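Trainee: make a model of this:
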Amino acid sequence: MPTHLADELSKRLCKQNKRIVYTVLEYSPLLDSCNMTTDDWATIGKDIEKHYEKYDGFVILHGTDTMAYTASALSFMCEHLGKPVILTGSQVPIYEMRNDGRDNLLGALLIAGQFVIPEVCLYFHNKLYRGNRVTKVDSGSFNAFNSPNLAPLAIAEVDIKINWDTVWRANTTSRFRVSTQMNRNVGLLRLFPGITAVTVKSFLQAPMEGIVLETYGSGNAPDNRADLLEEFRNATERGVIMVNCTQCLRGSVTTSYATGKALRDAGLVAGCDMTSEAALCKLSYVLARTDLSIEAKKKMLSQNLRGEMIADLQGAKLTLSDGDDLDEATKSLSIS
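Mentor: Alright, predicted model coming up:
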């Protein structure tokens, strides 16, 4: 870390009678984030696992272009996480006179060193987000990331204010581990008016095993296109798992409309309010589980694993006697 940044961190902590001791690990060669692969995610995850007992938190410096994907992937790969893992970066390189890297790095270090937020997070422009809830929304602003369906976990202004009610905590005492197996045979397919069945069929061919289908509005697709629905149905019958996510920045997938029910009937799993980045990484993580059946994988995809989604509870009738349902509901809402 540059000397002036270390001095600034010390000054801020002295006012609080606190001290953060840190170690820097640098990869060689350094990567542009556009060149990131699942192997690089595994390397980061394994380094966290290797040093997990030595530190109270971890800060990962990462390029902004694929940071949302890495944050989502690590959130699933890091199982039973009990410490903060915070990704951050900058829109303007830190060595430039006017940059956002300095404040982003200091903010991430301060939060990782002072607060027990046991999540994979992303810190940018004075806000701490859940990592699997963010998407990059602006390439020309310091305020580059947004969490469309979940408020920030923390806001750093004069004081750092943590929204503790939102913080996700794993309901387990199991030992922390990193699952590095990620299935690469997954993809994103975005619907558009006039898309042909030939295009869809080609995209769904082997070795494809999982698809995130980006649909209209609240998870809708044309229900008068029997050719398209037939391709989706054929793929699911072959064992391809498809997750239905909305193209909209905000909102959730529902089956309120006939056009949404058509996809459910074709075998698609509702992605609720997940971002496409989170859905793709979750799909890759779940499909790598060789111990699960197709139906078990679909069930796992519809569950809230790391706070990445609010499960669709529409129509559920819960009473105090419905112990199992209440347990699932509280997990979905992150209530202990």
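
Trainee: can you give me the helices for the stretch 1-150 of the chain?
Mentor: Along the stretch 1-150 of the chain, the segments classed as helices by DSSP state H, counting those that start in this stretch run 3-14, 38-50, 67-77, 101-114.

Trainee: single out the most deeply packed of the ones you listed.
Mentor: helix 67-77 (a mean of 27; mean count of other Cβ atoms under 10 Å). Any C-beta I mention is one placed from the backbone N, CA and C, and that applies to glycine too.

Trainee: helices or strands up against it?
Mentor: Other helices and strands packing on helix 67-77, by 3 or more Cβ pairs under 8 Å, 6 or more residues apart in numbering; DSSP states H and E, are helix 38-50, strand 85-88, strand 120-124, strand 135-136, helix 276-287.

Trainee: which elements pack onto the last one?
Mentor: Spelled out, that is helix 276-287. Packed next to helix 276-287, using 3+ Cβ pairs under 8 Å, 6+ apart, are helix 67-77, strand 186-190, strand 210-215, strand 241-246, helix 294-301.

Trainee: buried sites along it?
Mentor: Across helix 276-287, burial judged by 16 or more other Cβ atoms under 10 Å covers 276-287.

Trainee: could those go into CSV alongside pLDDT?
Mentor: As requested, the buried residues of helix 276-287 are arranged in CSV below (pLDDT from 0 to 100):
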residue, pLDDT
Ser276, 98
Glu277, 98
Ala278, 98
Ala279, 98
Leu280, 98
Cys281, 98
Lys282, 98
Leu283, 98
Ser284, 98
Tyr285, 98
Val286, 98
Leu287, 98
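
Trainee: closest one to Cys78 out of those residues, please.
Mentor: Among the buried residues of helix 276-287, Tyr285 lies closest to Cys78 (Cβ to Cβ), at 10.6 Å.

Trainee: quick one: low-confidence parts of the stretch 201-336 of the chain?
Mentor: 258-259, 311-336 (pLDDT under 70).

Trainee: where do the strands of the stretch 151-300 of the chain begin and end?
Mentor: 154-156, 160-162, 177-178, 186-190, 210-215, 241-246, 269-270 (DSSP state E, counting those that start in this stretch).

Trainee: which regions of the stretch 51-200 of the chain sit below the pLDDT cut-off?
Mentor: In the stretch 51-200 of the chain (pLDDT under 70), no residue qualifies.

Trainee: so Thr236 sits right up against Leu268, yeah?
Mentor: Yes. Counting by Cβ atoms under 8 Å, Thr236 does reach Leu268; the two are 7.2 Å apart.

Trainee: quick check: neighbours shared by these two?
Mentor: Met242 (Cβ atoms under 8 Å, 6 or more residues apart in numbering).

Trainee: what's around Ser252, how many residues?
Mentor: 20 (other Cβ atoms under 10 Å).

Trainee: ok, it to Ser218 distance?
Mentor: Here the criterion is Cβ to Cβ, to the nearest Å. By it, Ser252 lies 7 Å from Ser218.

Trainee: joint contacts of those two?
Mentor: The contact lists of Ser252 and Ser218 share Thr246, where a contact means Cβ under 8 Å, 6+ apart.

Trainee: what is the burial count for the residue lying closest to Trp168 once chain neighbours are set aside?
Mentor: In space, and not counting its chain neighbours, Trp168 is closest to Gly307: 3.7 Å by Cβ to Cβ, 6 or more residues apart in numbering. Neighbour count for Gly307, taken as other Cβ under 10 Å: 25.

Trainee: how about the contacts made by Gly307?
Mentor: 119, 130, 132-133, 150, 168, 334.

Trainee: secondary structure element holding it?
Mentor: Assessed by DSSP states H and E, Gly307 sits outside every helix and strand.

Trainee: mind checking how far it is from Ser147?
Mentor: Note on Gly307: its distance to Ser147, by Cβ to Cβ, is 11 Å.

Trainee: one more: Tyr52?
Mentor: Tyr52 is 26 Å from Ser147, by Cβ to Cβ.

Trainee: mind checking which of these two has more residues around it?
Mentor: Ser147 (21 against 18).

Trainee: ok, the more buried one - contacts?
Mentor: Contacts of Ser147 by Cβ under 8 Å, 6+ apart are 129-130, 133-135.

Trainee: same check, this time on Arg175
Mentor: So Arg175 contacts His80 (Cβ under 8 Å, 6+ apart).

Trainee: any idea how far it is from Gly307?
Mentor: Where Gly307 is concerned, Arg175 sits at a distance of 20 Å (Cβ to Cβ).

Trainee: now swap in Lys299 and tell me
Mentor: For Lys299 relative to Gly307 (Cβ to Cβ), the value is 18 Å.

Trainee: do the same with Gly57
Mentor: As judged by Cβ to Cβ, Gly57 and Gly307 stand 18 Å apart.

Trainee: do the same with His125
Mentor: 21 Å.

Trainee: any chance of the helices and strands packed on helix 67-77 in JSON lines, with distance to Ala112 too?
Mentor: Listed next are those as JSON lines, based on distance: least, Cβ to Cβ, whole Å:
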{"stretch": "helix 38-50", "distance to Ala112": "12"}
{"stretch": "strand 85-88", "distance to Ala112": "5"}
{"stretch": "strand 120-124", "distance to Ala112": "9"}
{"stretch": "strand 135-136", "distance to Ala112": "21"}
{"stretch": "helix 276-287", "distance to Ala112": "22"}
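
Trainee: fine by me, thanks again.
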